[in-house]
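here's a sequence, model it:
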Amino acid sequence: MFSSIKMELLTGVQQVRYASPHYFLLAVATYYFSVLLFAVRWKYVLRGMGVEVPIGELFKANLAGLFMNNITPMSRGGGEFLRSLWVSKLRGVPMGISAVTIVYERILESIPVMVMVALGFLYVTSAQALFLIPLMGGLVLIWLKWERFIELTLRAFRIELSPEDRDRIVSLRKCNDVNLIGIGASSLVWILDVLRLKLITMAFGLEVSIPVLVFISVVNLILGIAAFTPGGLGVVESGLVGTLTYVGLPPALAVSVVILERFISYVLGSLSGLMVLLTSGGREVWRALKSRW
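So this is what the prediction gives:
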């Protein structure tokens, strides 16, 4: 059994060199465009708080955050904290404001994520999507009790805000442009995530339907969040190979697809973030991060 698994792995690794470079480069482009959309979303949330930060700086902060995510346990073990420190140290944004805007980003992101998770589970069975009902109820409750939620969040993370800044974060719920752009950018990111998987499969001449790719993307998300290893290393790869095999891909091709996907999202993402840390003032942020740890 182990010899057959080893053979499939070796075959998958060998097949990577036959992938179409055209589709591979397009897949890389979708990844970095997603990072740019994250920066756009954050910029508008910060603007809603009365803070202006150049989009290029936020793009670099997100890349640095991806590097931190990939070397710390869980999906976003340290990346969010590093992003908050980045704009605070290099752009003078109060730590409380930067931290709260990141929390607000995640709330906006949860809406398209839940839609995508529901669609992904519907591929398997509608019954498994029922667990989203309490999550949706929780989101509605947060929205209705927004001011109370902000108070609890500030207390939980020990964030100190002036009365003016507290009023601004509470009023974000009423900023239609911030919410529309935030939800729209988050939705585009998940569409690009599915598109990246599509391009990677096409690089090997595979025709995989969009519903199947949505399901794979959801599994990838869940594995990244649940994995206890840095960046989900090992857990995500084995889980994705198993999922791709489950939906009908030959094991060797499943390995090839996962190698390319993780090369883009893990290897290139980590290297880009590391380069930003080394060349764009990130050393100061890194020292501040280590001192806080």
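
going forward, measure contacts between C-alpha atoms and count neighbours the same way
Noted.

what about L249, helix or strand, and which?
For L249, there is no helix or strand it lies in under DSSP states H and E.

ranges for the helices of this structure?
Ranges of helices in the chain, per DSSP state H, are 2-15, 21-48, 55-71, 79-91, 95-124, 132-144, 146-156, 163-171, 176-203, 210-226, 235-246, 251-262, 269-279, 282-292.

where does pLDDT dip in the stretch 1-150 of the chain?
Scanning the stretch 1-150 of the chain for pLDDT under 70 picks out the ranges 1-14, 74-77, 122-136, 139.

just how off-centre is stretch 106-118 within its chain?
12 Å (C-alpha atoms, centre = their mean, to the nearest Å).

list the buried residues of it.
Of all the residues in stretch 106-118, those buried under the rule 16 or more other C-alpha atoms under 10 Å are I107, L108, E109, S110, P112, V113, M114, M116, V117, A118.

could I get those residues as a markdown table with distance to E237?
Listed next are the buried residues of stretch 106-118 as a markdown table, based on distance: C-alpha to C-alpha, whole Å:
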| residue | distance to E237 |
| --- | --- |
| I107 | 28 |
| L108 | 28 |
| E109 | 24 |
| S110 | 24 |
| P112 | 24 |
| V113 | 21 |
| M114 | 23 |
| M116 | 21 |
| V117 | 19 |
| A118 | 23 |
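
got a pLDDT number for the nearest residue to S217 once chain neighbours are set aside?
Ranked by C-alpha to C-alpha, 6 or more residues apart in numbering and with sequence neighbours excluded, the top spatial neighbour of S217 is V194, at 6.3 Å. The predicted local distance difference test score for V194 is 94.

between the buried residues of stretch 106-118, which sits nearest L199?
Compare each of these with L199 using C-alpha to C-alpha and the shortest gap goes to M116, at 18.9 Å.

who are the neighbours in contact with M49?
Under the criterion of C-alpha atoms under 8 Å, 6 or more residues apart in numbering, the neighbours of M49 are I97, D165, R168, I169, L172.

from the chain's centroid, how far away is stretch 271-280?
Per C-alpha atoms, centre = their mean, the displacement of stretch 271-280 from the mean C-alpha position of its chain is 18 Å.

list the buried residues of it.
Buried residues in stretch 271-280, counted by 16+ other C-alpha under 10 Å: S272, G273, L274, V276, L277.

surely the second one touches L63?
The reference is to G273. Yes - applying C-alpha atoms under 8 Å, one finds G273 in contact with L63, separated by 4.5 Å.

in the stretch 151-293 of the chain, where is pLDDT below threshold?
Counting by pLDDT under 70, the stretch 151-293 of the chain has low-confidence residues at 157, 159, 281-293.

could you measure from V247 over to S209?
Distance, V247 to S209, using C-alpha to C-alpha, to the nearest Å: 10 Å.

for R17, the count of nearby residues, please.
A count of nearby residues for R17, using other C-alpha atoms under 10 Å, gives 11.

now the one 4 residues further on
A count of nearby residues for P21, using other C-alpha under 10 Å, gives 12.

burial measure for the nearest residue in space to it that is not next to it in sequence, as a count.
Computed as C-alpha to C-alpha, 6+ apart, the closest residue to P21 that is not its neighbour in sequence is A203, at 7.3 Å. A203 has 23 neighbours, counted by other C-alpha under 10 Å.
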